[in-house]
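A.B. asks: Here is a sequence with its predicted model. Questions after.
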Amino acid sequence: MEDSAAWPEPVVRVQSLSESGAATIPDRYVKPERDRPSPSDCSSPAASASSTTNSNGVIPVVDLSSPDARRAVSEACREWGFFQAVNHGVPLDLLRRARAAWRGFFGLPLELKQRHANSPATYEGYGSRLGVERGAVLDWGDYYFLHLRPPSVLSAADKWPVLPPDLREATEEYGREVAALCGRLLTAMSSGLGVGEGRLQEEFGGEEGAGVCVRVNYYPRCPQPELTLGLSSHSDPGGMTVLLADERVRGLQVRGRGGEWVTVDPVADAFIVNVGDQIQVLTNATYRSVEHRVMANASAERLSIATFYNPRSDLQLAPMAELVSPPERPSLYKPMTFDEYRLYIRRKGPRGKSQVESLKADGDR
């Protein structure tokens, strides 16, 4: 196995490749033909609708201020594993402050950003690849990763950008608000399972034990978006993801129920919420994580802020006893801590749903 403390090859910033003016992308970013987006998907950058449709239905938009919100959240998690949340209670001016701060960071000169270069040991800081497999095909995107909770893993001061000056304050406030939203969503999910409102939060280690981290994704313009991806197909390894998408540019695609790729049109001021692998495990696949990926774009850059709400990393996780009833409904997954589980991603990078499939109990693969 590669040394997880260092990248196997020199890291090249995708933003610098984009700004070089080259008409073609390096071979390291060219995906196998089966994994490439369709040319028609790459040709329409602008978000244009309030929902996402295809022949199999609609990715739900859930109004969290509605009396029916808990049922709607549970149904969305069962049917899609994805939904857009409106009237979510996070101040809209905070969304704009967070976006503006991080756009400011990625607009800095490269030498200033390079001071915060990361490693696969923690991923904290400024990065351009996931996984340590030598010779891997890479994604067309840069990112910045930080731990916000719990205090035992909080990113140290030297991991935070100094510029823009309001970035840390805006990001920490944003993280607190989104974490509180995740707690409310876990309550809705638990209620829909009939296991008690606080049950999933308990499995996460309680509010104080749950992990919160943020990855700000920056996808520069790409001269050949039909050959690559901003982020390869994957399901999120953690508990739940709350994404603040770029409303100006479409990029996120979700694997539909028929196996096709559905492009998400972000609703203004909404969050895109998706189930992660750990909730799939805890609910014995009642709620399922779903493959998704990000397209590159020739005419527009794109920035998104992903907040990950994860179980405490040292807890053994397995299907909740209330959702297991052998022989009709056996436990589908063997126990594993989140620390052990996410090593798969650190070694191999994003690879569809292969990581959660690897966790299945013998005989259920």
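C.D. replies: Arrived safely, thanks for sending.

A.B. asks: Give me the three-state assignment for residue 218.
C.D. replies: State at residue 218, reduced to three classes by DSSP: H, G, I helix; E, B strand; the rest coil: strand.

A.B. asks: ok, what's across the strand from it?
C.D. replies: Beta-bridge partners of residue 218, counted by DSSP bridges, are residue 142, residue 303.

A.B. asks: Would you confirm that it contacts residue 140?
C.D. replies: No. With contact defined as Cβ atoms under 8 Å, residue 218 does not count as touching residue 140 (10.5 Å). Bear in mind the C-beta positions are built from the backbone N, C-alpha and C, glycine included.

A.B. asks: Can you pull out the residues in contact with stretch 316-324?
C.D. replies: The contact list for stretch 316-324, computed with Cβ atoms under 8 Å, 6 or more residues apart in numbering, reads 193-195, 199, 203, 278, 281-284, 286, 311, 329-338, 341.

A.B. asks: Pull out the buried members of those.
C.D. replies: By neighbour count, with 16 or more other Cβ atoms under 10 Å, these hold 193, 195, 199, 203, 278, 281-284, 286, 311, 331-333, 336, 338, 341 as buried.

A.B. asks: quick one: the helices in the stretch 101-250 of the chain?
C.D. replies: Secondary structure of the stretch 101-250 of the chain (DSSP state H, counting those that start in this stretch): helices at 110-114, 167-193, 199-203, 206-209.

A.B. asks: most tightly surrounded among those?
C.D. replies: Using mean count of other Cβ atoms under 10 Å, the stretch among the helices of the stretch 101-250 of the chain with the largest mean neighbour count is helix 199-203, at a mean of 21.

A.B. asks: So which residues make contact with it?
C.D. replies: 183, 186-187, 189-190, 193, 207, 210, 279, 282, 311, 315, 317, 320, 322.

A.B. asks: gap between the residue of the chain positioned farthest from its centre and residue 203?
C.D. replies: Distance from the centre of the chain peaks at residue 327, with 34.4 Å (Cα atoms, centre = their mean). Distance, residue 327 to residue 203, using Cβ to Cβ, to the nearest Å: 24 Å.

A.B. asks: tell me the contacts of residue 14?
C.D. replies: Residues near residue 14 by Cβ under 8 Å, 6+ apart: 29, 128, 139-142, 220.

A.B. asks: From residue 223, how far off is the closest residue in space to residue 166 that isn't next to it in sequence?
C.D. replies: The spatially closest residue to residue 166, leaving aside those adjacent along the chain, is residue 101, at 5.8 Å (Cβ to Cβ, 6 or more residues apart in numbering). Distance, residue 101 to residue 223, using Cβ to Cβ: 28 Å.

A.B. asks: ok, the two, which is more surrounded?
C.D. replies: residue 101 (22 against 16; other Cβ atoms under 10 Å).

A.B. asks: returning to that earlier point: in terms of helix, strand or coil, where does the residue farthest from the centre of the chain fall?
C.D. replies: Counting by three-state DSSP, the backbone at residue 327 sits in coil.

A.B. asks: I'd guessed residue 42 sits against residue 300; true?
C.D. replies: No. Applying Cβ under 8 Å as the test, residue 42 and residue 300 come out as separate, 11.3 Å apart.

A.B. asks: More neighbours: those two, which one.
C.D. replies: Neighbour totals were compared for residue 42 and residue 300, and residue 42 leads with 22 against 15 (other Cβ under 10 Å).

A.B. asks: Pull up the gap between the more buried one and residue 250, please.
C.D. replies: With Cβ to Cβ as the criterion, residue 42 and residue 250 are 10 Å apart.

A.B. asks: Residues that sit against both of those two, list them.
C.D. replies: Joint contacts of residue 42 and residue 250 (Cβ under 8 Å, 6+ apart) are residue 295.

A.B. asks: Which residue comes closest to residue 240 once chain neighbours are left out?
C.D. replies: Per Cβ to Cβ, 6+ apart, closest to residue 240 is residue 309, 4.6 Å.

A.B. asks: Let me know whether the one you found touches residue 209 as I believe.
C.D. replies: No. Taking Cβ under 8 Å as the definition, residue 309 is not a contact partner of residue 209, at 11.6 Å.

A.B. asks: For the residue lying closest to residue 86 once chain neighbours are set aside, give me its contacts.
C.D. replies: Spatial nearest neighbour of residue 86, excluding adjacent residues (Cβ to Cβ, 6+ apart): residue 270 at 4.8 Å. Under the criterion of Cβ under 8 Å, 6+ apart, the neighbours of residue 270 are 61, 84-86, 88.

A.B. asks: 10 Å - rerun?
C.D. replies: By Cβ atoms under 10 Å, 6 or more residues apart in numbering, residue 270 lies in contact with 50, 61-64, 83-88, 95, 243-245, 247.

A.B. asks: Let's see which of these end up in helices.
C.D. replies: residue 95 (DSSP state H).

A.B. asks: Derive a ChimeraX selection command for the buried subset of the contacts of residue 270.
C.D. replies: Per 16+ other Cβ under 10 Å, the buried members of the contacts of residue 270 correspond to this ChimeraX selection:
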select :61,62,64,83,84,85,86,88,95,243,244,245,247
